[in-house]
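K.L.:
The sequence and its predicted three-dimensional model are supplied below.
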Protein chains: 2
Amino acid sequence: MKVSIVGLGLIGGSIARDLKSQINVTVYGVDNNPDHAVQAMELGLVHEMKSLEEAIAESDVIVMAIPVNHIESILPSVLDQVDVHQTVIDVGSTKEKICAGVQSHVNRSRYVAAHPLAGTEYSGPTAAIPRLFVDKKNIICERDLSADDALEVALKIFRSMGMKTYFLNPGEHDKHLAYVSHLSHVSSFMLGLTVLDIEKDESQIFNLASTGFASTVRLAKSNPNTWAPIFEKNKEHLATALDSYINYLIKFKKAIEGNDESTSRELMQEANDIKRILN
Amino acid sequence: MKVSIVGLGLIGGSIARDLKSQINVTVYGVDNNPDHAVQAMELGLVHEMKSLEEAIAESDVIVMAIPVNHIESILPSVLDQVDVHQTVIDVGSTKEKICAGVQSHVNRSRYVAAHPLAGTEYSGPTAAIPRLFVDKKNIICERDLSADDALEVALKIFRSMGMKTYFLNPGEHDKHLAYVSHLSHVSSFMLGLTVLDIEKDESQIFNLASTGFASTVRLAKSNPNTWAPIFEKNKEHLATALDSYINYLIKFKKAIEGNDESTSRELMQEANDIKRILN
């Protein structure tokens, strides 16, 4: 099987790495950043770099792993170029607008809308790590709009990387992801920014930061080029989540300023309930 | 050396565990929660449980590892009961009010105000883990108000657990900790609460939560009995930090709602600077 990975960053690079380690898979890379293209070859992520047009022409499967705004822009033209033996998969973190953009495309059935739920705070080809997806979950949207064989190819690929696939519609996907992923990223970015702003003695961040700070601020290291388009594409759901988050923070601040320890304690006890769900 | 640990939770229990593993250290435990007292013995955290009065009478060193409001209440009477051969150390997460409360105590010199920067989101004796403090930092405040021998005993204890000690005044300590620790806890508690509130389909939290969510919400599992008093004792600095955090969140929300991607991107790029300091 010949697979092209378009975009060799954290996610695309890690997919390339996993697939290239499998027997009988040839992995082509496409990346319009020349430095990333060189790195991808040096790191051995792919067998060969190609132009997008070559890659589409020569592959059984094309995996789109570029920022979601770029997926949305070029997916229609990628689908223009494929035939009934080829499968196009995107792995973007938002699904509603991407799916809507190709809903009535003549080759819609060759496309599988996916979102493997995995990642780290690092980016670029050097962030690609083996087995990133093992025991993680994958979401596929609009399964009924994909041809059976295209869906089967996608499931086989995600299964071979160690993932289990669940199905959601694009709207539900984007809403839930705003709550359990995109909000976390904003909370972490703004936490990093706040501490950099108010802590005038930077050395104290380094000296006093414990594992708790490191854990909450970790996602603030994430790539703005990846996340700005995700937030933009999912802004309605994310704004709802942020409104609620900001209101709770204001309520909590009032409680501690007003010595209202019963309220602050109660809010924390309610938050503790997250244990039940995550443990 | 005979050491009493008052409060056998995560921190006190972990200190007890480390000290008990050393040659020639006898560890007494004090805990007014009968379940915790039983657990501490069953887990082998201490050699023997004692009443607070017995523990003070029979120990070379008394370590106070109870919530900061309780440390503040009982530290004066503990100091009333010690003589010039004994050392009292507290390990609370705030220092200003605790230090102020014993500033002019006749036995102030027997007291060392400490804060070992380590922990997890779990609590109680079962959360006590060996070597929790290895390669972590310890803060001591008002070193000049402690007798040389008392300070030396404290430094020896923290060093034996693998910690390096730094010195800060109580006001600076509380300010910096509000920024790099207490704010993180509030951000995480409120994030957990928000997601529990707006995500009507709880199973999706479990299904879709990735390592990013787990990392930002981890501290929301922390014990409200520990944290409510910390927030109360450090409310001025924490309120400053929360004001700034809330303002950044509002600014970011406005940027994404207004399709102002250059602002959202710029804010994320500034936040990325945390890499430089933490890596």
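P.N.:
Great, that's in hand. Numbering: from 1, shown residues only, chains lettered A, B, ... in the order given.
K.L.:
what pLDDT does residue A:122 get?
P.N.:
With respect to pLDDT, residue A:122 has a value of 94.
K.L.:
ok, now residue A:185?
P.N.:
97.
K.L.:
Confirm for me that it is in contact with residue B:215.
P.N.:
No. Here residue A:185 lies out of contact with residue B:215, judged by CB atoms under 8 Å, at a distance of 10.7 Å. No exception for glycine: its C-beta is placed from N, CA and C like everyone else's.
K.L.:
Find residues that contact each of those two.
P.N.:
With contacts taken as CB atoms under 8 Å, 6 or more residues apart in numbering or on different chains, the residues that reach both residue A:185 and residue B:215 are residue A:219.
K.L.:
nearest spatial neighbour of residue A:264, skipping sequence neighbours?
P.N.:
Using CB to CB, 6 or more residues apart in numbering or on different chains and skipping residues adjacent in sequence, the residue nearest residue A:264 is residue A:255, 4.2 Å away.
K.L.:
mind checking the SS state of that neighbour?
P.N.:
What DSSP: H, G, I helix; E, B strand; the rest coil gives for residue A:255 is helix.
K.L.:
again, but for residue A:82
P.N.:
Residue A:82 falls in the coil class when you classify it by three-state DSSP.
K.L.:
What count of nearby residues applies to it?
P.N.:
19 (other CB atoms under 10 Å in any protein chain shown).
K.L.:
Could you check which residue of the stretch 1-150 of chain A lies nearest chain B?
P.N.:
Per CB to the nearest CB, the residue of the stretch 1-150 of chain A with the smallest distance to chain B is residue A:117, at 4.6 Å.
K.L.:
residue ranges with poor pLDDT in the stretch 151-279 of chain A?
P.N.:
In the prediction, the stretch 151-279 of chain A carries no residues with pLDDT under 70.
K.L.:
same thing but at 80, please
P.N.:
Screening the stretch 151-279 of chain A residue by residue with the criterion pLDDT under 80, one finds the ranges A:279.
K.L.:
any idea which helix or strand carries the nearest residue to residue A:257 once chain neighbours are set aside?
P.N.:
When the adjacent residues along the chain are set aside, residue A:257 lies closest to residue B:239, with 5.5 Å between them (CB to CB, 6+ apart). Element membership of residue B:239 [criterion: DSSP states H and E] is helix B:235-257.
K.L.:
now for the helix or strand immediately after that helix in the chain, which elements pack on it?
P.N.:
Beyond helix B:235-257 on the C-terminal side, the first helix or strand identified by DSSP H and E is helix B:261-272. Contact here means 3 or more CB pairs under 8 Å, 6 or more residues apart in numbering or on different chains; DSSP states H and E; on that basis helix B:261-272 packs against helix A:183-198, helix A:224-233, helix B:235-257.
K.L.:
Look up phi and psi at the residue of the stretch 1-150 of chain A closest to chain B.
P.N.:
Here the main-chain torsion angles of residue A:117 (degrees, to the nearest 10) amount to phi -80, psi 80.
K.L.:
what about it, neighbour count?
P.N.:
Per other CB under 10 Å, the neighbour tally for residue A:117 reads 22.
K.L.:
Wait, it touches residue A:136, no?
P.N.:
Yes. Between residue A:117 and residue A:136 there is a contact at 5.6 Å, judged by CB under 8 Å.
K.L.:
Touching both of these two, which residues are there?
P.N.:
The contact lists of residue A:117 and residue A:136 share residue B:210, where a contact means CB under 8 Å, 6+ apart.
K.L.:
For residue A:221, which non-adjacent residue is spatially closest?
P.N.:
Spatial nearest neighbour of residue A:221, excluding adjacent residues (CB to CB, 6+ apart): residue A:121 at 4.1 Å.
K.L.:
I meant to write residue A:92 there.
P.N.:
Once its chain neighbours are removed from consideration, residue A:92 has its nearest residue in residue A:68; the separation is 4.1 Å (CB to CB, 6+ apart).
K.L.:
Residue A:29 belongs to a strand?
P.N.:
Yes. Following the definition three-state DSSP, residue A:29 is counted among the residues of a strand.
K.L.:
so who does it touch?
P.N.:
Residues near residue A:29 by CB under 8 Å, 6+ apart: A:4-5, A:8, A:16, A:37, A:40-41, A:45-46, A:48-50.
K.L.:
do the same with residue A:180
P.N.:
Per CB under 8 Å, 6+ apart, neighbours of residue A:180: B:195, B:199, B:204-205, B:208-210, B:213.
K.L.:
7 Å instead?
P.N.:
Listed by CB atoms under 7 Å, 6 or more residues apart in numbering or on different chains, the contact set of residue A:180 reads B:195, B:199, B:205, B:208-209, B:213.
K.L.:
Nearest to residue A:157 among those residues?
P.N.:
Here the nearest of the contacts of residue A:180 to residue A:157, counting by CB to CB, is residue B:208; it sits at 20.3 Å.
K.L.:
and the gap between the closest one and chain A?
P.N.:
The gap separating residue B:208 from chain A is 5 Å, by CB to the nearest CB, to the nearest Å.
K.L.:
That residue touches residue A:116, doesn't it?
P.N.:
No. Applying CB atoms under 7 Å as the test, residue B:208 and residue A:116 come out as separate, 11.8 Å apart.
K.L.:
does the most centrally placed residue in chain A count as helix, strand or coil?
P.N.:
What sits nearest the mean C-alpha location of chain A, by CA atoms, centre = their mean, is residue A:93, with 4.1 Å. Under the three-state scheme (three-state DSSP), residue A:93 adopts coil.
K.L.:
For it, what are phi and psi?
P.N.:
When read as degrees, to the nearest 10, the backbone of residue A:93 gives phi -80, psi -10.
K.L.:
Quick check: residue A:192 touching residue A:216?
P.N.:
No. At 9.1 Å, residue A:192 does not count as touching residue A:216 under the criterion of CB under 7 Å.
K.L.:
quick revisit: so for residue A:185 and residue B:215, which sits in the more crowded spot?
P.N.:
Using other CB under 10 Å, the more surrounded residue of residue A:185 and residue B:215 is residue A:185, with 23 against 19.
K.L.:
What residues does that one make contact with?
P.N.:
Shown here is residue A:185, whose contacts under the criterion CB under 7 Å, 6+ apart are A:219, A:222, A:227, B:212.
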